[in-house]
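Asks: give the three-dimensional model of this entry:
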Amino acid sequence: MSVLLEFAMFPTDKGDSVSEYVSQIIKMIDESRFSYKLTAMGTIIETETLKEALEMVNKSYEILEPYSNRVYSSINLDIQKAKSGRIEKKIESIESKIGKINH
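Replies: Have a look, this model is predicted:
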């Protein structure tokens, strides 16, 4: 199974720049065994189970909870059985189609 989790999480009571806090979440994700892509608006992680994806969300919250009275998060999930490596494959599929269009 492949679970793509796209999420953003940050404290809302720390001013305009929250990179100090978000970077702690990214460090935890980087140290995990999961593939991920950091984007300007969030992070995409691929896990094998929904439980693992939700554990990553929970660990992220546990990182922020001591620092903040209010945490915002947006979460999207795409769960597909009998698949893996979808972060790379989805991007490659689109890029190959763009290449065909441009030629």
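Asks: C-alpha only now, for contacts and for neighbours.
Replies: Will do.
Asks: and the least confident helix or strand in the chain by mean pLDDT, what's buried?
Replies: Counting by mean pLDDT, DSSP states H and E, the chain has its least confident helix or strand at helix 86-101, which shows a mean of 85. Taking 16 or more other Cα atoms under 10 Å as the neighbour-count basis, helix 86-101 is seen to contain the buried residues residue 87.
Asks: stretch 32-43 now?
Replies: Using 16+ other Cα under 10 Å, the residues of stretch 32-43 that count as buried are 35, 36, 42, 43.
Asks: which parts of the protein are strands?
Replies: Remark: strands of the chain, listed N- to C-terminal, are 2-11, 35-39, 42-47, 71-80; assignment by DSSP state E.
Asks: need those in CSV (columns: mean pLDDT).
Replies: As requested, those are exported to CSV (pLDDT from 0 to 100):
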stretch, mean pLDDT
strand 2-11, 98
strand 35-39, 96
strand 42-47, 98
strand 71-80, 98
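Asks: hmm, back to that, tell me what the least confident helix or strand of the chain is packed against?
Replies: With contacts defined as 3 or more Cα pairs under 8 Å, 6 or more residues apart in numbering; DSSP states H and E, the secondary structure elements packing on helix 86-101 are strand 2-11, strand 35-39, strand 42-47.
Asks: need the residues that contact that helix.
Replies: 2, 4, 35, 36, 37, 44, 46 (Cα atoms under 8 Å, 6 or more residues apart in numbering).
Asks: identify the farthest-apart pair in those residues.
Replies: In terms of Cα to Cα, the contacts of helix 86-101 reach their longest pairwise distance at 2 and 37, which sit 15.0 Å apart.
Asks: who wins for proximity to residue 59 among the strands of the chain?
Replies: With distances scored as Cα to Cα, the stretch of the strands of the chain nearest to residue 59 is strand 2-11 (11.0 Å).
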